[in-house]
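J.: make a model of this:
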Amino acid sequence: MKYKTIRGTRDILPAEASGWQKIEAAARDLFKTYGYGEIRTPIMEETGLFVKSVGEDTDIVKKEMFSFQDRGEREITLRPEGTAPIVRAYIENNLASVEPFQKLYYIGPMFRAERPQAGRLRQFTQIGVEAIGSNSPALDAEVIMVMAKLLDSFGVKNYTMKLNNLGCLEDKKKLSGTLKELFTGAEISAVLCDDCKRRAGTNPLRVLDCKVESCKAIVRKHFKEIKFLCDDCKKHFDDVLKFLDLTKTKYVVDPYIVRGLDYYTRTVFEASCESLGAQNAIGAGGRYDNLISDMGGPQTGACGFAIGVDRVLLAAGEGSGQAGSGRIDVFVAPLGEEAYAKAFLVLADLRGSGIACDIDYENRSLKSQMRSADKLKARFVLIIGDDEVKKGEAALRDMQTKEQVFIGFDNLAAAIKGKIG
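T.: Predicted coordinates for the structure are as follows:
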């Protein structure tokens, strides 16, 4: 029997992994610049954590979580998103007593039982930040800026940053009540999709960002503007926009951005790339000022976002699985038994000097070894034959210029480092 990957998961092979590594490295560099520290949480949590935080009537909890009962009869869920575990860690480890204001980032896999499609798998990787301990609108602006700069550094072009203001809990209740009355009316309810018919009664805000075209048309026809925001929430959002304008961060205000998680309040945002089709969101986030206290922690504000790496690779045009910039600097090509022993020693010395290199293990011809070096995108090939061993030197061939020079064995590492730069 041949085993295959589970539907909705995939292997990331070496030729493609270099793209992931570039994204992760760029993210870590940017997070360091903005003062964010890495946090790593388990991929498994108690199911109740997500039910309470994300919301019992959300699509994630109702339809998308991978949940099971373990041998101790505990209800366990593979994490579908990153915020709730980090809030749990913030409270459990009493981080507020160490420093009330924490700026954290994470990189790791999430799991949702969705219908697999391009950029939307059942196991997917997210990069995100959570800034916990401040109600300042300047923090909202910074988090949005960080997401925009990340997308820029990843090479994503033509994305749109969409912002909206959901208001505080009381504002959201007022809006939800109005939307519920609107969407449960017989005329409108009759033409909504089945999911939105359910949402209209349980979580009417979610109807606003339904991706079904018929529902989108209904929403835009009947929902123009509802005055539900209190003065404090209006000012907070105005200040967020002011800070973004000061830094020339591009955005558009979109009243249909609500996000699918119940904990969001005030500022919410989403970056979308139209080239990805209907599921075009590549990153999203917002403020969640009540989640920490709802989970048993202190009353404090927080803001964060998550970016889907799979979708970023598609948007940046790096999802094809083509080889990256090269796995090694030098391919060592020995010719002959005596030469192989010397080449193996040279290989160890080069690696000890921090030079990425590899060697042929099958005693193949030089032509075959050159083909291997080309596939590995090696910058140089170091040719060592029995004659070279006797002369105390090796032939170094530049795979780009095809130039070949002879270098003494005692000077190989220094010479190659100088050429690599």
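
J.: hey, where'd the strands end up in the stretch 51-200 of the chain?
T.: With DSSP state E, counting those that start in this stretch applied, the stretch 51-200 of the chain shows strands at 66-69, 75-78, 102-111, 123-132, 160-165, listed in chain order.

J.: now do the domain split for this structure, please.
T.: 14-168+230-315, 330-414 (automatic domain parsing).

J.: lowest average confidence, helix or strand, in this structure?
T.: Among the helices and strands of the chain, helix 186-189 carries the lowest confidence by mean pLDDT, DSSP states H and E, at a mean of 70.

J.: please write out the alpha-carbon positions of that helix in CSV.
T.: Taking Å, rounded to 0.1, in the frame of the first residue of the first chain, the C-alpha atoms of helix 186-189 are listed here in CSV:
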residue,chain,number,x,y,z
ALA,A,186,-38.7,37.7,4.8
GLU,A,187,-37.8,39.6,1.6
ILE,A,188,-34.0,39.6,2.2
SER,A,189,-33.8,36.3,4.1
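
J.: residues in contact with it: which ones?
T.: Applying C-beta atoms under 8 Å, 6 or more residues apart in numbering, the external contacts of helix 186-189 come out as 182, 183, 197, 200, 218, 222. In short, each C-beta sits where N, CA and C put it, glycine included.

J.: could you work out the most separated pair of these?
T.: 197 and 222 (15.1 Å; C-beta to C-beta).

J.: who has more neighbours, the two?
T.: Using other C-beta atoms under 10 Å as the criterion, residue 197 and residue 222 rank with residue 197 on top: 17 against 13.

J.: quick check: the gap between the residue lying closest to the more buried one once chain neighbours are set aside and residue 222.
T.: Spatial nearest neighbour of residue 197, excluding adjacent residues (C-beta to C-beta, 6 or more residues apart in numbering): residue 189 at 6.0 Å. Look at residue 189 and residue 222: by C-beta to C-beta, to the nearest Å, they are 12 Å apart.

J.: deepest-packed of the domains of the chain, please.
T.: Mean neighbours per residue, mean count of other C-beta atoms under 10 Å, is largest over those for domain 14-168+230-315, with a mean of 18.

J.: avg pLDDT for that domain?
T.: The pLDDT scores in domain 14-168+230-315 average 92.

J.: now do the end-to-end distance for that domain.
T.: Start and end residues of domain 14-168+230-315 are separated by 20 Å (C-alpha to C-alpha, to the nearest Å).

J.: what do you get for stretch 113-131?
T.: The first-to-last residue distance of stretch 113-131 comes to 28 Å (C-alpha to C-alpha).

J.: then stretch 377-391?
T.: For stretch 377-391, the first and last residues are 29 Å from each other (C-alpha to C-alpha).

J.: run the chain-centre distance for it.
T.: In terms of C-alpha atoms, centre = their mean, to the nearest Å, the centre of stretch 377-391 is found 42 Å from the chain centre.
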